[in-house]
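*Asks:* Turn this into a structure:
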Amino acid sequence: MPRLDDRLKLVAAQIERSIHADIGSDHGHLLAALLASGRIRRGIAVENKLQPYRNSTATLSALNAEVRLGDGLEVLHEKEVESLSICGMGGQSIVQILSQHPERLPDEMILQPNKAIDLVRRWALNHGYWLIDEQSTSGSRRFEVLRLQRSTAIPDPIYQRLETIHLNESLGLIFGPWFLLRRDEDLRQRLTAEQTYLQSKPKLTAASRERMKAIEQVLCNVHFRSR
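*Replies:* Down below sits the predicted model:
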């Protein structure tokens, strides 16, 4: 069984449905691990380039899995899978994939954006998916994993809970509502380090000034738990 790094271990731990698709699987290691451990019954890997398609085919050849060559959800059928994952892409790319064939989206999705994570949270908020959990890896290179579940109830109540710590939806989209509500010391350390960095710059762009303001709001209002 392929050994997963901390990032993919965190993703795998969130997957609980029987039939799972991994979009942009690269080497097929996530699906191989899920199948070997019995967390899923069948896997579908989707690749849009030939070499990753060959890599995943080689990894998954002896398992109950299929590798398809295509772009995003275009090679999946409606209601074919119960969950899907997209890992290692930017938030803008993930949102583009999710938006192209909304009728093919399953009820549960595990997403690991490398950047622009707020775009993914906003997409979920606006398209009937609740953010039911957020987790992150530890260490200097932090990866965040979002678990989404379809719901007919709008809006997602997790953002309303931010009012209990004197924050708002906008800050939740930026920093993650679960991370803020847990008031974890790791979050405080990251925001403090970023604040120090921004304060050291002789001149800030408009976007950086807005980021600084958001960080200050969180640090002033949230009573973080110590280790």
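
*Asks:* my guess is residue 161 is in a helix, correct?
*Replies:* Yes: counting by DSSP: H, G, I helix; E, B strand; the rest coil, residue 161 is located in a helix.

*Asks:* list the buried ones in the least confident helix or strand in the chain by mean pLDDT?
*Replies:* Across the helices and strands of the chain, mean confidence by mean pLDDT, DSSP states H and E is lowest for helix 185-200: a mean of 93. Neighbour counts over helix 185-200 (16 or more other C-beta atoms under 10 Å) mark 187, 188, 190, 191, 195 as buried. Quick note: C-beta positions are derived from backbone N, CA and C, even for glycine.

*Asks:* In what element of secondary structure is residue 212 found?
*Replies:* Using DSSP states H and E, residue 212 falls within helix 206-221.

*Asks:* which residues does residue 152 contact?
*Replies:* Each residue near residue 152 by C-beta atoms under 8 Å, 6 or more residues apart in numbering is listed here: residue 128.

*Asks:* Show me what secondary structure element comes after the helix or strand harbouring residue 32.
*Replies:* According to DSSP H and E, residue 32 maps onto helix 29-37. Using DSSP H and E, the helix or strand that follows helix 29-37 towards the C-terminus is strand 42-47.

*Asks:* Now do that next one and helix 29-37, the angle between them.
*Replies:* Going by axes from the mean of the first three to the mean of the last three C-alpha atoms, to 10 degrees, strand 42-47 is angled at 170 degrees with respect to helix 29-37.

*Asks:* hmm, back to that, of the buried residues of helix 185-200, closest to residue 71?
*Replies:* Set against residue 71, the nearest of the buried residues of helix 185-200 by C-beta to C-beta is residue 190 (34.3 Å).

*Asks:* On the three-state scheme, the nearest residue to the closest one once chain neighbours are set aside is what?
*Replies:* Counting by C-beta to C-beta, 6 or more residues apart in numbering, residue 190 lies nearest to residue 142, which is 7.2 Å off, once chain neighbours are set aside. Per three-state DSSP, the local secondary structure of residue 142 is coil.

*Asks:* what does the one 5 residues further on give?
*Replies:* Under the three-state scheme (three-state DSSP), the conformation of residue 147 reads as strand.

*Asks:* And the residue nearest to it when sequence neighbours are not counted, how far from residue 14?
*Replies:* Nearest non-adjacent residue to residue 147, counting by C-beta to C-beta, 6+ apart: residue 133, 4.2 Å away. Distance, residue 133 to residue 14, using C-beta to C-beta, to the nearest Å: 7 Å.

*Asks:* joint contacts of those two?
*Replies:* Jointly contacting residue 133 and residue 14 under the rule C-beta under 8 Å, 6+ apart are residue 147.

*Asks:* which of these two has more neighbours?
*Replies:* Using other C-beta atoms under 10 Å as the criterion, residue 133 and residue 14 rank with residue 14 on top: 21 against 14.
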